[in-house]
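>>> what shape does this take:
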Amino acid sequence: CLQQGSHSFVNFSVDMMGHNNLLASTDSFFNDEFLCDIMNVNMDHELAQECNHENIVSIVSFCDWLNKVKCLDERKHQRLEENERTLTLINAKTNTSCPNTSCPSFQPHNTNSPTASSTFVPMPKLTEDEHTLLSENSGCYKCQHFWAGHVGACCMAPFIDTSKYKMLTTRD
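Predicted coordinates for the structure are as follows:
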């Protein structure tokens, strides 16, 4: 059985009617009412909800029903395209405000380390209390400053020197 999936309703309906036309003059051929029911059941879930909201089921003529559903589907796809454009713009703005770690020009370094050849010691994971403190005080999880105005992904501060690390408290 065919389902709309990610295809437009126009393509889905043409496929359904094409398959149905192959069954002409057989007992398996669907009349317009049954074809409409099958398309309703197999259309995109979001489109089916819009059809229910618009009370499309009450339309008697198959051609009128088909045209109305096509219009709803086109409107849905226009909204999706508009949302994608908006997300692309937001992502473009976000990517310009944060350094791109995959870019060769961005080279993070630890300015607190005494020598470049010293052994790297990873930071201990934040405790639940530290995480809560930073979260409640708009802190950065990387530099661990309260009211930092940024989060770890955009933090330009070097990593904390693990030899000078102390647990965060409410006094900080």
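>>> pLDDT score assigned to the spatially closest residue to Met43 that is not a sequence neighbour?
Nearest-residue entry for Met43: Gln4, 4.8 Å, with adjacent residues in sequence omitted and distances by C-beta to C-beta, 6 or more residues apart in numbering. C-beta: built from backbone N, CA, C; applies to glycine. At Gln4 the predicted local confidence, pLDDT, stands at 82.
>>> so Ile160 sits against Cys140, correct?
No. Between Ile160 and Cys140 there is no contact, the gap being 10.7 Å when judged by C-beta atoms under 8 Å.
>>> on that earlier part again, need the contact list for the residue nearest to Met43.
Neighbour list for Gln4: 12, 42-44, 47 [criterion: C-beta atoms under 8 Å, 6 or more residues apart in numbering].
>>> that one sits in which helix or strand?
Secondary-structure element containing Gln4, defined by DSSP states H and E: none, the residue being outside all helices and strands.
>>> next, the buried residues of the one helix or strand Cys63 maps to.
The secondary structure element spanning Cys63 is helix 62-97 (assigned by DSSP H and E). Of the residues in helix 62-97, those buried under the neighbour-count criterion (16 or more other C-beta atoms under 10 Å) are 65-66, 69, 72-73, 76.
>>> can you tell me which of the residues you listed comes closest to Gln144?
When those are compared for distance to Gln144 (C-beta to C-beta), Lys76 comes out closest, at 45.2 Å.
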